[in-house]
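Visitor: Can you look at this prediction? I've put the sequence above it.
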Amino acid sequence: MTFLSLTVAYAQRVNLSVAIVAMTDNSTGNPNFPTVGWDSAKKGTILSSYFWGYIIMQVPAGQLARRLGPKYLLCGSTMICGILTILSPIFALHFNWLGFCFTRVLQGLSQGFICPSINTHMAKWAPPLERSRIFSFVFCGSQFGTVLTLFVAGLLAASPGGWPSIFYVTGCSSVLWSVVWYLIGFDSPASHSHISDEEKNYIEKSLIDSSPESKTMRTPWKDVVTSVPLWALLLTQCGQNWGFWTLLTLMPTYMSKILHFDIASNGFLSSLPYFCTWILTIVFSWASDYINAKQFVSLSVARKMWNTLAHWGGALALLILALTNPGVVMAVMLLTIAVGINAGTYMGYLTNSLDLAPNFAGLLMGITNGFSNITSIIGPIVAGVIVYDEEDVSLWKIVFGLSSLIFFLGNLIFIVFGTAEVQHWNQPKSMNS
């Protein structure tokens, strides 16, 4: 269910990447539906506006998930976001672009609870030796949602339902998930009414670094704020979010304006890199848990190894795209490699908050996810300003080159300053609330 929670969450995050192509140009989708006159700068702002609300809720969401439990936070936030998504076409057609931005901000606010809640949930359910595989499976729901949405959105835009149907389908899926999760979701093995005693004991005994009293632990804010490994994790995620969200939000536009694909082909080809990410995440996660179980290298080295594969491999593909003039097939291949190999991050920095402090996993996810998503806002806006002429390939080369550099620098910081060792402040001396 947590896999599907990220599937529907990302469906609502990325639906606009394809929808905005049809919303602003009726020759790309069903021409019977009205369009909106948004230029490239406005589109860049709109595409980033989701994160304005998203970053605000990350830290408080991490605290609330730890104290209240993740079940009801996940249920409520997903339900609210689904309703707002269903209402999105009304705001797009009957309010100006700022009104539509407002709905995206509200969606970001509601989804701000999701990742911290899932991280808190994972800290109670995932044994350390199985953590890479379980964590990767759950979080590759985001890639599955991205693949499914980018592919289906192109078909929906060209269907009798037109581009509004993209929002209706993704919004309804979110509402449906919320209802099912309310009925069958549980915060921890201890609260699960159907799990066997054997499985419950196995999970709870394996989580030796997770205190059952973590809900009442005093947060060691000074240690958290001054933690060098946490800062390394944060800066690495900043680099990830800049490159990842710049590519995700603008790739359909690149496919349309530079590679000249129609809306259906655009949706399929834009989804291809994320399909590769999804497959590689499954493969890499099994390899990672095998390496960790056999202890071929330390956990810290393993985290850095996978992250290097993801970030520097992607940086190389984007650098080639920036410095050469590839044909259509080669351009699609390079984008597929740049995004697909990013699967390594699930075994790299993304699992690191669970390594550093299992008792505060939701809080750390909230901090890193919140502040790093500032670059998720800045990246698409900067790219929109750079690419003032969407049909000028030289401007796109600048965007790819900049993303390549940021990927490189982010991972370099993680290599030098990152670690997977449990931090001393995971078990504070004071257990008072």
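Guide: Looks like it came in fine. Numbers count the residues shown, from 1 in each chain.
Visitor: roughly how far apart are Gly267 and Val152?
Guide: When distance is defined by Cβ to Cβ, to the nearest Å, Gly267 is 7 Å away from Val152. Placement of C-beta: from N, CA and C, glycine included.
Visitor: higher neighbour count, those two?
Guide: Gly267 (27 against 21; other Cβ atoms under 10 Å).
Visitor: That one - nearest residue in space that isn't next to it in sequence?
Guide: Gly154 (2.0 Å; Cβ to Cβ, 6 or more residues apart in numbering).
Visitor: just Trp52 next, same as before
Guide: Trp52 sits nearest to Val105 (Cβ to Cβ, 6+ apart), 4.9 Å away.
Visitor: ok, then the element right after whatever helix or strand that neighbour lives in?
Guide: Assigned by DSSP states H and E, Val105 belongs to helix 97-111. Later in the chain than helix 97-111, the nearest helix or strand by DSSP H and E is helix 114-125.
Visitor: where in the stretch 301-433 of the chain is pLDDT low?
Guide: 428-433 (pLDDT under 70).
Visitor: Show me what the helix holding Val105 is packed against.
Guide: helix 2-24, helix 40-68, helix 70-94 (3 or more Cβ pairs under 8 Å, 6 or more residues apart in numbering; DSSP states H and E).
Visitor: Can you say which of those helices is nearest to Gly418?
Guide: Closest approach to Gly418 among these (Cβ to Cβ): helix 40-68, 20.0 Å.
Visitor: pLDDT of the closest one, averaged?
Guide: Averaging pLDDT along helix 40-68 yields 78.
Visitor: Could you shift the numbering so residue one becomes 28, and keep it that way?
Guide: All right, first residue 28 from here; so that's helix 67-95.
Visitor: Ile161 - how many residues pack around it?
Guide: Around Ile161 there are 18 residues (other Cβ under 10 Å).
Visitor: For it, give its distance to Asp250.
Guide: 27 Å.
Visitor: same question, Val412
Guide: With Cβ to Cβ as the criterion, Val412 and Asp250 are 39 Å apart.
Visitor: These two: which is more packed in?
Guide: Neighbours were counted for Val412 and for Asp250 using other Cβ under 10 Å; Asp250 has more, 16 against 13.
Visitor: Quickly find the element holding the more buried one.
Guide: Secondary structure (DSSP H and E) places Asp250 in helix 248-252.
Visitor: any weak-confidence spans in the stretch 128-277 of the chain?
Guide: If you take pLDDT under 70 as the line, the stretch 128-277 of the chain has these spans: 152-159, 213-221, 224-244.
Visitor: Just the helices from it, written as ranges.
Guide: With DSSP state H, counting those that start in this stretch, the ranges of helices along the stretch 128-277 of the chain come out as 141-152, 158-166, 168-184, 191-211, 224-233, 248-252, 255-284.
Visitor: Relative to Leu114, which of the ones you listed is closest?
Guide: So among the helices of the stretch 128-277 of the chain, helix 191-211 is nearest, using Cβ to Cβ, at 7.9 Å.
Visitor: The residue nearest the centre of the chain and Thr253, how far apart?
Guide: Within the chain, the residue whose C-alpha comes closest to the C-alpha centroid is Ser169; the distance, by Cα atoms, centre = their mean, is 6.1 Å. Note on Ser169: its distance to Thr253, by Cβ to Cβ, is 31 Å.
Visitor: cool, Ser144 as well?
Guide: From Ser144 across to Thr253, the span is 26 Å (Cβ to Cβ).
Visitor: of these two, who's got more company?
Guide: The residue with more neighbours, out of Ser144 and Thr253, is Ser144; 31 against 11, by other Cβ under 10 Å.
Visitor: Please, where are all the strands along the stretch 278-427 of the chain?
Guide: In the stretch 278-427 of the chain, no strands are defined using DSSP state E, counting those that start in this stretch.
Visitor: Compute the number of surrounding residues for Tyr317.
Guide: With neighbours defined by other Cβ under 10 Å, the count for Tyr317 comes to 12.
Visitor: Sorry, wrong one. I was asking about Ala259.
Guide: By other Cβ under 10 Å, neighbour count at Ala259 equals 20.
Visitor: same thing with Asp416?
Guide: Asp416: 12 neighbours (other Cβ under 10 Å).
Visitor: what's the answer for Phe295, then?
Guide: Residues near Phe295, counting by other Cβ under 10 Å: 18.
Visitor: confidence score at it?
Guide: Looking at Phe295, the pLDDT reads 79.
Visitor: Any figure for the gap between Ile442 and Trp258?
Guide: Distance from Ile442 to Trp258, by Cβ to Cβ: 14 Å.
Visitor: Common neighbours of these two, please.
Guide: Common contact partners of Ile442 and Trp258 (Cβ atoms under 8 Å, 6 or more residues apart in numbering): none.
Visitor: Return the residues in contact with the nearest residue to Ser192 once chain neighbours are set aside.
Guide: Closest residue in space to Ser192, ignoring its immediate chain neighbours: Leu183 at 4.6 Å, by Cβ to Cβ, 6+ apart. Applying Cβ under 8 Å, 6+ apart to Leu183 gives the contacts Gly189, Trp190, Ser192, Ile193, Val196.
Visitor: burial measure for the second one, as a count.
Guide: Each residue near Trp190 was counted by other Cβ under 10 Å, and the total is 31.
Visitor: can you check Leu125 too?
Guide: Neighbours of Leu125 (other Cβ under 10 Å): 12.
Visitor: Which positions within the longest helix seen in the chain qualify as buried?
Guide: Ranked by residue count, the top helix of the chain under DSSP state H comes out as helix 290-321. If you call a residue buried by 16 or more other Cβ atoms under 10 Å, then helix 290-321 has these buried ones: 290-291, 293-305, 307-309, 311-312, 315-316, 318-319.
Visitor: go on, stretch 447-455?
Guide: Buried, per 16+ other Cβ under 10 Å, within stretch 447-455: Ala447, Val449, Gln450, Trp452, Asn453, Gln454, Pro455.
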